[in-house]
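Visitor: what follows is a protein structure lacking sequence information:
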């Protein structure tokens, strides 16, 4: 069983489109995250949710809107995609906020043309 | 946030031990030292963490200097599957207002030669 899964694995789209990436964890964790890894392989936190509530928004443009319908899911919707949004997006989860180990999904490779 | 410094890259031979260094001279007393690694085309995965004492698990060992200003991740017998980027990350146990985020640096890219 995959602990943290993301769909789709690859996403190629045109500038200006709106797209969503889905994340699900079956670990029973309370906290979920979105990270972005850019073309230089630099990994940076975007959002963190605990019990469906937003606790971190790292100055991400408001074109990015995370939604957590329940504790097991954290989706990422991106409006008006730009070339600079091309990156690998990783979802992660942890038992609780704080020092807990984070478990990462396989990533979604987004290419904006 | 306390900063970590790691070499950009290291090479190892298969089945030999690997020592991956990390400097964190501004570490605070409440910072835990965590290591994650990212295999090619995969998400990061947890390796090990510690506060003051050396730690061992099935994946690796973590040796922490007495003054805690540096640490070393030890892979006892490198395999081809250990080729990855290794990240040394400090996490302050008191700063839960950071929302549990991991702050990744550039990491060390480890290549393993057969």
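Guide: Received it, and whenever you're ready, just let me know what you need. A quick note: this is a predicted structure, and the numbers were derived from the prediction, not measured.

Visitor: what about whichever residue of chain B sits closest to chain A, how many neighbours?
Guide: Residue of chain B nearest chain A, by CB to the nearest CB: residue B:43 (3.1 Å). For every residue, glycine as well, the C-beta is placed using N, CA and C. When neighbours are defined as other CB atoms under 10 Å in any protein chain shown, residue B:43 has 22 of them.

Visitor: can you map out the helices along chain A?
Guide: Using DSSP state H, chain A contains no helices.

Visitor: residues touching the residue of chain B closest to chain A, list them.
Guide: Residue B:43 makes contact with A:4, A:90, A:92, A:104-107, according to CB atoms under 8 Å, 6 or more residues apart in numbering or on different chains.

Visitor: so which of those residues are also by chain B?
Guide: Contacts with chain B are made by A:4, A:90, A:92, A:104-107 out of these, judged by CB under 8 Å from any CB of the partner chain.

Visitor: bridging residues for the closest residue to chain B within chain A?
Guide: At 3.1 Å from chain B, residue A:104 is the closest residue in chain A, using CB to the nearest CB. Counting by DSSP bridges, residue A:104 is bridged to residue A:92.

Visitor: if I read this right, it contacts residue B:39, doesn't it?
Guide: No: applying CB atoms under 8 Å, one finds residue A:104 not in contact with residue B:39, separated by 10.8 Å.

Visitor: per-residue pLDDT, the residue nearest the centre of chain A?
Guide: Centroid check for chain A by CA atoms, centre = their mean gives residue A:34 as the closest residue, at 3.2 Å. Looking at residue A:34, its pLDDT stands at 96.

Visitor: try residue A:99
Guide: In this model, residue A:99 carries a pLDDT of 69.

Visitor: ditto for the one 5 residues further on
Guide: With respect to pLDDT, residue A:104 has a value of 97.

Visitor: chain A against chain B: which residues are in contact?
Guide: Checking chain A against chain B by CB under 8 Å from any CB, the hits are A:4, A:31, A:33, A:35, A:41-45, A:48, A:50, A:55-56, A:58, A:90, A:92, A:94, A:96-107.

Visitor: now do 7 Å
Guide: Contact residues (CB under 7 Å from any CB of the partner chain) of chain A with chain B: A:31, A:43, A:45, A:48, A:55-56, A:90, A:94, A:97-102, A:104-107.

Visitor: which among those residues end up buried?
Guide: A:31, A:43, A:45, A:48, A:55-56, A:90, A:94, A:97-100, A:102, A:104-107 (16 or more other CB atoms under 10 Å in any protein chain shown).

Visitor: take those and keep only those in strands.
Guide: Those of these mapping onto strands are A:31, A:43, A:45, A:48, A:55-56, A:90, A:94, A:104, per DSSP state E.

Visitor: got TSV for these, with distance to residue B:101 too?
Guide: Listed next are these as TSV, based on distance: CB to CB, whole Å:
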residue	distance to residue B:101
A:31	10
A:43	11
A:45	4
A:48	6
A:55	9
A:56	6
A:90	13
A:94	10
A:104	13
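
Visitor: and of those residues, the nearest to residue B:25?
Guide: Comparing these against residue B:25 with CB to CB places residue A:43 closest, at 22.7 Å.

Visitor: tally of neighbours for residue A:12?
Guide: 12.

Visitor: from residue B:82, how far out is the residue nearest to it when sequence neighbours are not counted?
Guide: In space, residue A:12 comes closest to residue A:111 once its chain neighbours are excluded; the distance is 4.7 Å by CB to CB, 6 or more residues apart in numbering or on different chains. The gap separating residue A:111 from residue B:82 is 29 Å, by CB to CB, to the nearest Å.
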